[in-house]
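J.: next one to model:
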Amino acid sequence: MSYQAIARKWRPNTFEEISGQGHVTKTLQNALRLNRIHHAFLFTGARGVGKTTAARTFTRCLNCVEGPTPTPCGVCASCIEVVRGGSADVVEIDGASNNSVEDVRGLRDAVRYMPARDRYRIYIIDEVHMLSTGAFNALLKTLEEPPAHVIFLFATTEPQKIPDTILSRVQRFDFKRIPVPVVVARLRKICDADGVNIDDEGLKLIARAGEGSMRDSQSLLDQCIAFGRQGEDDTITAKTVAEILGLVDRTLLFSFLEGLVRNEPDKCLDAVAQVYDYGYEMSQLTTELLELLRNAALMVLSPTSRKHIDAPADELKRLEAVTKGVTAETFSRWFNVILQVHDEVSRSNRPRLVLEMAIARLAAIRPLTPVDGLIQRLAEMEARLTKGGAPPPRKSLGAAAAPRFEEPAVVPEPPAPPAPPEPPRVEPPRPRLVEPPRNERPPEPTRNERPPEPTRNEPPRSEPRPRAIGTFDDLLAQLPRDAQYRPVIENAAFLGLRDGVLHLASPGHSHLEKGRRLEKNREVLRAVSEVFGVRALRFELRQESEGARTKRELRDIARAEHAEALKQDILASAGYREARDILGAQLVEVIPPPEDDE
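T.: Numbering: from 1, shown residues only. Sure thing, here's the model as predicted:
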């Protein structure tokens with residue numbers, strides 16, 4: 001008898017032998033036991049997880065002479081013919097090569113005939129997603145209302161390609177990837193039955209390489225037996241399995257990881273050189289490095305996250321020792337670099353050079369200090385500076401710290417007599433604008449009268465001395481903040497009081513026109529009268545030679561001077577130097593806090 005592959009020899013014949021798909025096998029067994037059998041089923045999942053095997057097992061349960069039963073006898077003609085693939089009432093169709101409308105039309109014509117011998121006529125269509133759109137449409141009516149003796153069993157690895165009209169007419173069962181321990185147990189059973197000596201670590205490597213596929217794992221086991229078994233007593237070791245499967249030696253992988261953790265790039269470069277000398281693919285190295293970095297991150301992520309690591313006990317112990325003192329964030333940053341390099345290595349003609357330059361990038365990555373730790377260190381530094389008597393920072397551009405706004409004086413006059421005490425002001429004293437009070441102003445001469453001329457012998461009478469009335473800031477304080485004309489006055493420069501008129505200079509013709517309209521505004525004139533004691537306002541065009549500055553210009557100059565002073569104070573402080581050494585930052589700009597009137 002010719003040799004038969006392990007995947008075919010050990011194909012399950014009952015639901016109990018199907019590994020890792022209990023949620024599917026239990027449902028199908030209950031449906032058979034309760035005689036609630038649907039007319040169409042769809043089995044989906046990855047390759048090699050048991051879809052076709054479950055379809056054939058279900059067929060045996062339906063057409064067994066003792067059926068429908070969840071436990072077929074396995075000795076009747078129907079059970080034997082299904083296993084051998086020679087049953088006349090079971091039709092297996094490859095959807096990839098029978099995907100046209102004509103093929104489905106022939107199937108639709110054949111379903112009308114009764115089974116030749118068995119209870120049901122069963123159609124198993126593998127890779128059903130390969131059918132064309134026309135073929136699916138031709139199958140709709142038959143799939144919705146098939147004859148009572150017909151059952152459809154579909155299998156596919158890509159259910160997203162099947163139309164919704166088909167999915168709504170079938171019962172869908174999703175097959176999962178088979179866990180590594182389940183695959184190892186199945187492989188161990190096969191090895192014991194065939195007399196193959198292989199250690200558990202080798203079986204784990206095979207199961208991990210199978211990526212959840214039982215058929216792939218069995219094929220790899222077949223390959224390892226053919227390569228590594230030279231006699232009945234020879235044992236296949238994990239090293240032999242790694243060599244057969246082209247897996248990178250775990251010692252080299254851990255050497256690479258230790259080089260990253262200890263900041264020793266020479267170890268990483270040596271590991272790459274050995275992998276290259278052995279003839280392994282660089283993409284295989286990056287693939288296994290990604291898995292190792294993932295396991296390292298889970299090792300330190302949380303106390304319970306290591307349960308998701310699928311690795312031998314000795315490897316877990318070594319991984320715990322290597323990752324001690326390293327954060328999960330650092331492993332995540334290394335993982336991102338290797339992930340990017342993996343794509344570049346797969347496409348590059350010089351993969352070794354790409355990987356070696358990636359090691360230079362990895363060596364430049366330093367562990368990040370947690371934000372909470374930085375905040376705590378800054379708080380401690382602030383506390384030390386406060387206890388040491390460091391000058392407190394300036395809180396705002398207040399009146400006590402702001403430079404004075406020098407406004408042009410009206411006319412040099414002798415000092416006025418002391419005025420009645422006023423409540424203290426917050427801002428520093430400013431030059432007062434003087435004008436004769438209204439009640440002390442000398443009467444104006446009438447048209448027919450002339451002012452008395454002083455005689456030669458009498459000295460001229462001295463007019464009453466003017467007293468301080470108000471400032472330009474007081475005028476702005478009297479105006480509503482939301483007034484539309486306020487910017488016109490704020491942008492004007494104060495020239496002074498002349499002949500009972502307040503003179504302001506506009507910076508341009510547009511402001512001048514707006515200011516001329518304000519000369520008759522009652523609200524503005526009332527404020528001018530209350531602050532300066534005059535009832536007239538005059539706007540003029542500002543001349544550069546006058547040197548007068550607007551309120552906003554003076555404020556901007558003061559803010560700039562204050563910002564520069566703050567910057568010099570910060571640069572000279574010990575706290576700034578310590579923060580600069582900790583954070584590695586530089587002082588770029590100092591923005592003073594806004595004034596109260598901004």
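J.: against which helices or strands is the helix or strand harbouring R318 packed?
T.: Using DSSP states H and E, R318 sits within helix 313-322. When contacts are defined as 3 or more C-beta pairs under 8 Å, 6 or more residues apart in numbering; DSSP states H and E, helix 313-322 sits against helix 250-261, helix 282-301. Bear in mind the C-beta positions are built from the backbone N, C-alpha and C, glycine included.
J.: give me that answer again for 10 Å
T.: The elements that helix 313-322 packs onto, with contact taken as 3 or more C-beta pairs under 10 Å, 6 or more residues apart in numbering; DSSP states H and E, are helix 200-210, helix 250-261, helix 282-301.
J.: pull the first one out as PDB, backbone CA atoms only.
T.: Looking back up the chat, that one is helix 200-210. Output of helix 200-210 as PDB, limited to C-alpha atoms (Å, rounded to 0.1, in the frame of the first residue of the first chain):
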ATOM      1  CA  ASP A 200       7.300  18.600  23.400                       C
ATOM      2  CA  GLU A 201       9.200  21.800  22.500                       C
ATOM      3  CA  GLY A 202       9.500  20.600  18.900                       C
ATOM      4  CA  LEU A 203       5.800  19.900  18.800                       C
ATOM      5  CA  LYS A 204       5.100  23.400  20.100                       C
ATOM      6  CA  LEU A 205       7.300  24.900  17.400                       C
ATOM      7  CA  ILE A 206       5.400  23.000  14.800                       C
ATOM      8  CA  ALA A 207       2.000  24.000  16.300                       C
ATOM      9  CA  ARG A 208       3.000  27.700  16.400                       C
ATOM     10  CA  ALA A 209       4.300  27.500  12.800                       C
ATOM     11  CA  GLY A 210       0.900  26.100  11.800                       C
END
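J.: what residues sit buried inside that helix?
T.: Neighbour counts over helix 200-210 (16 or more other C-beta atoms under 10 Å) mark 201-210 as buried.
J.: tell me the angle the next helix or strand after it makes with helix 200-210.
T.: The first helix or strand that comes after helix 200-210 along the chain, using DSSP H and E, is helix 214-228. Put simply, helix 214-228 runs at 130 degrees to helix 200-210, going by axes from the mean of the first three to the mean of the last three C-alpha atoms, to 10 degrees.
J.: which residues are contacting the very next helix or strand once past helix 214-228?
T.: The element immediately downstream of helix 214-228 (helix or strand, assigned by DSSP H and E) is strand 235-236. Identification of contacts with strand 235-236 by C-beta atoms under 10 Å, 6 or more residues apart in numbering yields 191, 196-199, 202-203, 206, 221, 224-225, 227-230, 244.
J.: sheet-wise, list the partners of strand 235-236 with their directions.
T.: With DSSP bridges as the test, strand 235-236 is paired with strand 197-198 (parallel).
J.: for the stretch 251-400 of the chain, give me the ranges with low pLDDT.
T.: Scanning the stretch 251-400 of the chain for pLDDT under 70 picks out 367-373, 387-400.
J.: try 80 this time
T.: 311-313, 365-377, 381-400 (pLDDT under 80).
J.: what does the stretch 51-200 of the chain give?
T.: Along the stretch 51-200 of the chain, no part satisfies pLDDT under 80.
J.: would you map the strands across it?
T.: Remark: strands assigned in the stretch 51-200 of the chain by DSSP state E, counting those that start in this stretch are 90-94, 121-126, 150-156, 171-174, 197-198.
J.: mind checking which of those strands is nearest V180?
T.: Closest of the strands of the stretch 51-200 of the chain to V180 is strand 197-198, at 15.4 Å (criterion: C-beta to C-beta).
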